[in-house]
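K.L.:
Provided below for reference: sequence and predicted model.
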Amino acid sequence: MPGSVTPPGGPRRQRAVGHSVLVGAGILLSRIFGLLRQRALSHYLGLSAQADAFTQAFRIPNILQNLLGEGVLSASFIPVYARLRAEGKDDEAERVASAVFGLLAVVTAGLVLIGVVAAGPITTLIAPGFHDAKRDLTVRLVRLLFPGAGVLVLSAWCLGVLNSHRRFLLSYSAPVAWNLAIILTLVLTAGGKDEDAIALAAALGSVMGSVLQLAVQVPAVLGLVRQFRPTIDAASSHVRTVLANTGPVVLGRGVVQISAYVDSIIASLLGNGPVAALQNAQVLYTLPVSLFGMSVSAAELPAMSSTIGNLEEIAAQLRARLSSGLSRIAFFVIPSAAAFLALGDVIAAALFQTGRFTSSDSTFVWIILAGSAVGLLAATMGRLYSSAYYALRDTRSPLRFAAIRVALNTALGLFAALALPRLLGIDPKWGAAGLTAAAGIAAWVEYLLLERGLRARLGETGIGVARLARLWGAALVGAGLGVGVQGILPVVHPMWRAVAVLLPFGMGYLTLTHLLGIPEARAMVSRVRNVPPG
């Protein structure tokens, strides 16, 4: 019936879950190869000065992808493109896609050129703690990596088109090609080389992988955008809307990037190891963020952007989507945070402890990871709230909240990383854990601001306190089971230890949440039993 709102439990919810599963499957595949890539880097470089150099060098040009890539296109391009398609204006949508590609290519090429030419000063700014050979290697790596980062920006445009057409699996699994290129390069060329040569080989593999990641998406995109004709024409009102939305989003992403770069600058002052250790911890930390936060948010953004009707109908549909998405996110992210806090050493050892990466390195990564767990739930659910703002064509509110988050993160991070270790009389390198804990506190502040703003516009959203208490209770009991098993295990390979510890943790959490009536747990058990959920 016209004007009716589809119930949250109806076909629309099933499609949303199906789309988020596709996103999650693609992300899981790429993240598995990402873990293999990081394991290979850890094997050959450990937490050495060269590992720090490669990590920091990759982070510098990666600002292109962060500022102009997926996050910006998701917020500025997808809502306009998806709305045009929902209104049946496919030809105009294709013209907008072509113009956005052309403008993006020109801007990216200019920034890549600047990055290559100014690699030395940029490295001095971002890595002030790097000197002599370590700094020289970082500069060489930056010059190699900048062109690859530019290619990844164009790959993100492909992702925006594919997501708008609900082709989620290909768009999110494409990074497998990039990860695989680095892994194969290391395996085939690293034998017998010193650490400097290994880092340079990994950088060349990264550039080749960037080209492959773009190439695997191009055929599908050209099949969807049949009138693809790159231009730099911004005359269309829809293109101007994309550009107008891009400004605040770039500023918002830039503000967040300032926080990330402040963290990396501080880490560069803490000696050899903290920069690489932060990267290892980040690989683990971003796994649940990507699998559960990004998968739900990416699947929901085109759907929320395509919502039509009067204000009351749109608000009702967005509330339903938010509540459903937040519940799915919390079900998976809460046990992830508990595992990072209680069992992070087991996880880090299983994934990275090989070659030059030692057991003490695993412990160091665990402490940093525990700090990250503080804000894991807030950062993940905040992605979905930001998507709701973008669907409402509001890019400025997330920018304001991000600025507050960054200011708080910077102040807390400087104290926790530099001043607190001196006050406690501990090794300065442990300040890296203070950085991640400070970021977690700031993420909660941003999340609360995002939530409050949407409640004022849409009405009550979020997850009930009772459900959160049940999820956390089950996760902590599961973590206790894992710690208990770990205490009685003999000395075994880190991989087998992880299996023995994480299996009872996961089974305990799933069993308890099922008994406590959590819908997501019952749905999972029902799928395993191959019967409809009750």
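P.N.:
Ah, there it is.

K.L.:
point out where the stretch 251-400 of the chain drops to low pLDDT.
P.N.:
Residue ranges of the stretch 251-400 of the chain with pLDDT under 70: 251-259, 293-311, 313.

K.L.:
please repeat the previous calculation with a cut-off of 80.
P.N.:
251-264, 271-272, 289-324, 387-388, 390-395, 399 (pLDDT under 80).

K.L.:
helices of that one, start to end?
P.N.:
Ranges of helices in the stretch 251-400 of the chain, per DSSP state H, counting those that start in this stretch, are 274-288, 295-305, 311-352, 359-373, 376-391, 396-414.

K.L.:
which residues in the stretch 1-150 of the chain form helices?
P.N.:
11-45, 49-59, 62-68, 70-86, 90-117, 119-126, 132-164.

K.L.:
go through the ones you listed and pick out the most buried.
P.N.:
Most buried of the helices of the stretch 1-150 of the chain, by mean neighbour count (mean count of other C-beta atoms under 10 Å): helix 49-59, with a mean of 27. All C-beta atoms are positioned from the backbone trio N, CA, C, and that covers glycine.

K.L.:
contacts for it, please.
P.N.:
With contact meaning C-beta atoms under 8 Å, 6 or more residues apart in numbering, helix 49-59 is reached by 41-42, 45, 123, 126-127, 130, 133-134, 137-139, 141-142, 145, 195-196, 198-199, 202-203, 206, 260-261, 264, 268, 272-276, 278-279.

K.L.:
again, only this time at 7 Å
P.N.:
Residues from elsewhere that reach helix 49-59 (C-beta atoms under 7 Å, 6 or more residues apart in numbering): 41, 45, 126-127, 130, 134, 137-138, 141-142, 145, 195-196, 199, 202, 264, 268, 272-273, 275-276, 279.

K.L.:
still on that earlier bit, between the helices of the stretch 1-150 of the chain, which gets nearest to residue 336?
P.N.:
helix 11-45 (12.5 Å; C-beta to C-beta).

K.L.:
gap between residue 101 and residue 30?
P.N.:
According to C-beta to C-beta, to the nearest Å, residue 101 and residue 30 sit 23 Å apart.

K.L.:
hmm, I typed the wrong one, I wanted residue 482.
P.N.:
27 Å.

K.L.:
next one: residue 445
P.N.:
Plainly put, residue 445 is 30 Å away from residue 30 if you go by C-beta to C-beta.

K.L.:
now render the helices of the stretch 1-150 of the chain as JSON lines, adding distance to residue 386 and mean pLDDT.
P.N.:
Output for those, formatted as JSON lines (distance: least, C-beta to C-beta, whole Å; pLDDT from 0 to 100):
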{"stretch": "helix 11-45", "distance to residue 386": "16", "mean pLDDT": "72"}
{"stretch": "helix 49-59", "distance to residue 386": "22", "mean pLDDT": "88"}
{"stretch": "helix 62-68", "distance to residue 386": "15", "mean pLDDT": "70"}
{"stretch": "helix 70-86", "distance to residue 386": "8", "mean pLDDT": "72"}
{"stretch": "helix 90-117", "distance to residue 386": "20", "mean pLDDT": "86"}
{"stretch": "helix 119-126", "distance to residue 386": "26", "mean pLDDT": "89"}
{"stretch": "helix 132-164", "distance to residue 386": "15", "mean pLDDT": "88"}
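
K.L.:
what's the closest of those helices to residue 404?
P.N.:
helix 70-86 (18.2 Å).

K.L.:
out of everything not next to it in sequence, what's closest to residue 283?
P.N.:
For residue 283, ignoring the flanking residues on the chain, the nearest one in space by C-beta to C-beta, 6 or more residues apart in numbering is residue 38 at 4.8 Å.

K.L.:
so that neighbour touches residue 282, yeah?
P.N.:
No - counting by C-beta atoms under 7 Å, residue 282 is not a contact partner of residue 38; they are 9.4 Å apart.

K.L.:
residues in contact with residue 371?
P.N.:
Counting by C-beta under 7 Å, 6+ apart, residue 371 makes contact with 433-434, 436-437, 440.

K.L.:
go through those residues and say which is closest to residue 379.
P.N.:
Closest approach between the contacts of residue 371 and residue 379, by C-beta to C-beta: residue 440, at 7.7 Å.

K.L.:
look at that closest one and give its secondary structure.
P.N.:
Under DSSP: H, G, I helix; E, B strand; the rest coil, the three-state class of residue 440 is helix.

K.L.:
just the pLDDT for it.
P.N.:
Looking at residue 440, its pLDDT stands at 90.

K.L.:
count the neighbours of it for me.
P.N.:
Neighbour count of residue 440, defined by other C-beta atoms under 10 Å: 23.

K.L.:
renumber starting at 40 from here on
P.N.:
That works, and once the first residue is 40, the last one we named lands at residue 479.

K.L.:
is it true that it touches residue 413?
P.N.:
Yes - taking C-beta under 7 Å as the definition, residue 479 is a contact partner of residue 413 at 3.0 Å.

K.L.:
need the residues touching each of those two.
P.N.:
Joint contacts of residue 479 and residue 413 (C-beta under 7 Å, 6+ apart) do not exist.

K.L.:
which secondary structure element contains residue 220?
P.N.:
Residue 220 belongs to helix 214-228 when elements are defined using DSSP states H and E.

K.L.:
immediately after that helix, which helix or strand?
P.N.:
Trace forward from helix 214-228 with DSSP H and E and the next one is helix 234-263.

K.L.:
what mean pLDDT does that following helix get?
P.N.:
pLDDT averaged over helix 234-263 gives 91.

K.L.:
please name the residues that touch residue 203.
P.N.:
Counted by C-beta under 7 Å, 6+ apart, residue 203 has contacts 117, 120-121, 124, 341.

K.L.:
OK, contacts around residue 521?
P.N.:
381-382, 540-541, 543-544.

K.L.:
brain fart, residue 486
P.N.:
417, 420-421.

K.L.:
could you rerun that using 10 Å?
P.N.:
Applying C-beta atoms under 10 Å, 6 or more residues apart in numbering to residue 486 gives the contacts 414, 416-422, 424-425, 440, 444.

K.L.:
and those residues, which are buried?
P.N.:
The neighbour-count test (16 or more other C-beta atoms under 10 Å) applied to those identifies 414, 416-422, 424-425, 440, 444 as buried.

K.L.:
would you turn those into TSV with distance to residue 451?
P.N.:
Shown next, in TSV, are the buried ones among the contacts of residue 486 (distance: C-beta to C-beta, whole Å):
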residue	distance to residue 451
414	11
416	18
417	14
418	15
419	20
420	21
421	17
422	21
424	22
425	22
440	16
444	11
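
K.L.:
out of the residues you listed, who's nearest residue 65?
P.N.:
Using C-beta to C-beta, residue 422 is the member of the buried ones among the contacts of residue 486 that sits closest to residue 65, with 16.2 Å.

K.L.:
circling back to that earlier point, just the mean pLDDT for the helix holding residue 220, thanks.
P.N.:
On average, helix 214-228 scores 91.

K.L.:
helices or strands next to that helix in the packing?
P.N.:
helix 50-84, helix 171-203, helix 234-263 (3 or more C-beta pairs under 10 Å, 6 or more residues apart in numbering; DSSP states H and E).

K.L.:
for it, which positions count as buried?
P.N.:
Result for helix 214-228 [16+ other C-beta under 10 Å]: buried residues 214-222, 224-225, 228.
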